[in-house]
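Novice: With the input below, show me the fold.
(one chain, ligands or ions: 2)
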Amino acid sequence: MSRIARALTVAGSDSGGGAGIQADLKTFQELNVYGMSAITAVTVQNTLGVTNVYPLPSEATSEQIEAVGSDLGVDALKTGMLFSADIIEAVADQIRAFSWTQVVVDPVMVAKGGASLLQPEAVRALREVLLPLAYIVTPNLPEAEVLSGLSIRTLEDRREAAKRICAYGARQVVIKGGHADESGDRIVDLYYDGEAFTELVGRRIPTRHTHGTGCTFSAALTAELAKGALALDAVRTARAFIQAAIEQGLELGQGHGPTNHFAYRRLLGASR
Ligand SMILES: Nc1ncnc2c1ncn2[C@@H]1O[C@H](COP(=O)(O)OP(=O)(O)OP(=O)(O)O)[C@@H](O)[C@H]1O
Ligand SMILES: Cc1ncc(CO)c(N)n1
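Specialist: Ligands and ions are numbered 1, 2, ... in the order given. Purely as a prediction, here's the structure:
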């Protein structure tokens, strides 16, 4: 039997189970990848929002990465909520020490309800220390504005922002369109590989249950890279995964509920 692909998530814990480490591990499992985690912070969170954040010392994250990297091995990893510049530096040191290249950076900054998941003074470290190590970076529109320093209104602005983000050293970027024009009936995620743009157009699903969409999308992308997929193929699968997960929502909680991490498996089962 060939060895199972292994993915690591370096992110925060979401007690509500829809985002963060929990969403990542569920997604890895659904895509037949062995999942591991290095926790950066514990959030007190449900579908109504984040009520507290308890960051871990950066050594705790660093040691978790070292423990799994030196023993189980990592084919691809993603970063999510990193919270502080110290944690970003520690994660970057480990990525360099292991010479990992299949690195997805989801530059998580703010939770849906507005709680800060990244200290403002850590943005610079994210841009200057982590982006150069990223194989693919997956900002939403507000995050792309912060990283690029541009205000993004049109698709042309998005292209310019993607170019600037790649200029910081990221190999490829996907600027996600979830936050664009809420009334439109389509969503465009823009992929840029440093040379060419690809627009991934999908149907916007009218729902408030979109908690953890970004985490789930970047986790699916990481799982596909761990299995050896090419970048654009991995992006397409991740889109299909999140589309199904939003479409077949679970209707849980009183606020922004989680997506359905089982949905893609059911979709594949139905097409067989
Ligand atoms: N209502 C929707 N219908 C269909 N696809 C969606 C919808 N909302 C988001 N997506 C898709 O989900 C993925 C994540 O996009 P989004 O812009 O919501 O990320 P995010 O803001 O980082 O998410 P979060 O911070 O909640 O984890 C993208 O591929 C996007 O196209
Ligand atoms: C722990 C955590 N990471 C990321 C997000 C962004 O969705 C969240 N809400 N919580």
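
Novice: contacts, neighbours, all on C-alpha from now
Specialist: Noted.

Novice: If we look just around ligand 2, which residues of the chain are in range?
Specialist: Proximity of the chain to ligand 2, by Cα under 6 Å from any ligand atom, involves residues 12, 13, 14, 19, 20, 43, 81, 111, 212, 215.

Novice: ok, and which of those residues reach ligand 1?
Specialist: Within the residues of the chain next to ligand 2, those near ligand 1 by Cα under 6 Å from any ligand atom are 111, 212, 215.

Novice: show me what contacts the residue nearest to the first one when sequence neighbours are not counted?
Specialist: When you say that, I think you mean residue 111. Of all residues not flanking residue 111 in the chain, residue 117 sits nearest, at 6.6 Å (Cα to Cα, 6 or more residues apart in numbering). Shown in contact with residue 117 (Cα atoms under 8 Å, 6 or more residues apart in numbering): 81, 82, 83, 108, 109, 110, 111.

Novice: Put together JSON lines for the residues you listed, with distance to residue 255 on each row.
Specialist: Below are the contacts of residue 117 laid out as JSON lines (distance: Cα to Cα, whole Å):
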{"residue": "81", "distance to residue 255": "21"}
{"residue": "82", "distance to residue 255": "24"}
{"residue": "83", "distance to residue 255": "24"}
{"residue": "108", "distance to residue 255": "20"}
{"residue": "109", "distance to residue 255": "20"}
{"residue": "110", "distance to residue 255": "16"}
{"residue": "111", "distance to residue 255": "13"}
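
Novice: which stretches of the stretch 101-250 of the chain have low pLDDT?
Specialist: Where the stretch 101-250 of the chain drops to pLDDT under 70, the residues are 182-183.

Novice: what's the straight distance from one end of stretch 75-88 to the other?
Specialist: This stretch, stretch 75-88, spans 20 Å end to end (Cα to Cα, to the nearest Å).

Novice: average pLDDT for that stretch?
Specialist: For stretch 75-88, the mean per-residue pLDDT is 98.

Novice: Need the max-distance pair from the contacts of residue 117.
Specialist: 82 and 111 (12.7 Å; Cα to Cα).

Novice: Which one's more surrounded, the two?
Specialist: residue 82 (29 against 17; other Cα atoms under 10 Å).

Novice: So what's the residue count around the closest residue to ligand 2 within the stretch 151-272 of the chain?
Specialist: Closest contact between the stretch 151-272 of the chain and ligand 2, by Cα to the nearest ligand atom, is at residue 212 (4.2 Å). Close neighbours of residue 212, defined as other Cα under 10 Å, add up to 24.
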